[in-house]
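need a structure here:
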Amino acid sequence: MAIPVPACSRAVPGTASGLERFNAAPADEAVRTLLACLSSLRWAHRLALHRPYPDLSSLLAASDEAAYDLSPADLTEALAAEALPALPRDTYAAADTALRAGTAAYESRFGHAFVICLDGLSTGEALNHALTGIRSRLANDPDDERPVAAEELRRLARGRLTGALAPGPLPPAPRIRQMRRNPARTADQ
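Numbering: from 1, shown residues only. Predicted coordinates for the structure are as follows:
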């Protein structure tokens, strides 16, 4: 979704950064952009309300603070909108089966999607990290898992914000997929 920047805020026509466009956008557009990064209305409204941000680091710090303050209900809202971790298309079928079985077991145990940040990892590392994460986190008590899932959501939101506000035109906001409640099915089915 492109966020327009008023002409008076541009130093040179067409050179406004993603952050400048975000800061100048109407509140509802800013909230929609933020919800594409983390599906928590409270988090998105809080960040939109505190605009303008002087730089990306300030926005990311505010994002972290707002994510740390998510209530259990806010966390449930954000987790409900998450889908399976994105893995490269060339993932082996056996690994894909293991990942799907692990995420189904995770969702059955904890009642929400398995979330993990795979930013900056190679194909092999991402798959290994996701499978290791599922195995280790399935052993968690539900009360111990909730802060782990919240931290992963915070990390995902930071990466998504950074990508959404990168220099150049803003990418269209991704469609947020609702994780199905049937653990045998994935968001893509």
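
drop to CA atoms for contacts and neighbour counts, all remaining ones
OK.

residues contacting stretch 37-53, please?
By C-alpha atoms under 8 Å, 6 or more residues apart in numbering, the list of residues contacting stretch 37-53 from outside reads 19, 23-24, 27, 30-31, 34-35, 59, 62-63, 66-67, 70, 74-75, 77-79, 81, 153, 156-158, 160-161, 176.

quick one: low-confidence residue ranges for this protein.
1-16, 85-92, 168-189 (pLDDT under 70).

next, the buried residues of the longest helix along it.
Ranked by residue count, the top helix of the chain under DSSP state H comes out as helix 142-164. Neighbour-count burial for helix 142-164 flags 146, 149-162, 164 (criterion: 16 or more other C-alpha atoms under 10 Å).

do stretch 121-131 as well
126-127, 129-131.

that older thread, name the helices or strands packed onto the longest helix of the chain?
For helix 142-164, the packing partners by 3 or more C-alpha pairs under 8 Å, 6 or more residues apart in numbering; DSSP states H and E come out as helix 56-68, helix 72-80.

report the inter-axis angle for the first one versus helix 72-80.
Taking axes from the mean of the first three to the mean of the last three C-alpha atoms, to 10 degrees, one finds helix 56-68 and helix 72-80 inclined to each other by 110 degrees.

helix 56-68 packs against which elements?
helix 41-49, helix 142-164.

out of these, nearest to Ala95?
helix 142-164 (21.6 Å; C-alpha to C-alpha).

what residues does the closest one touch?
18, 33-34, 36-38, 56, 60, 63-64, 67-68, 75, 78-79, 109-110, 114-117, 119, 137, 170-171, 173.
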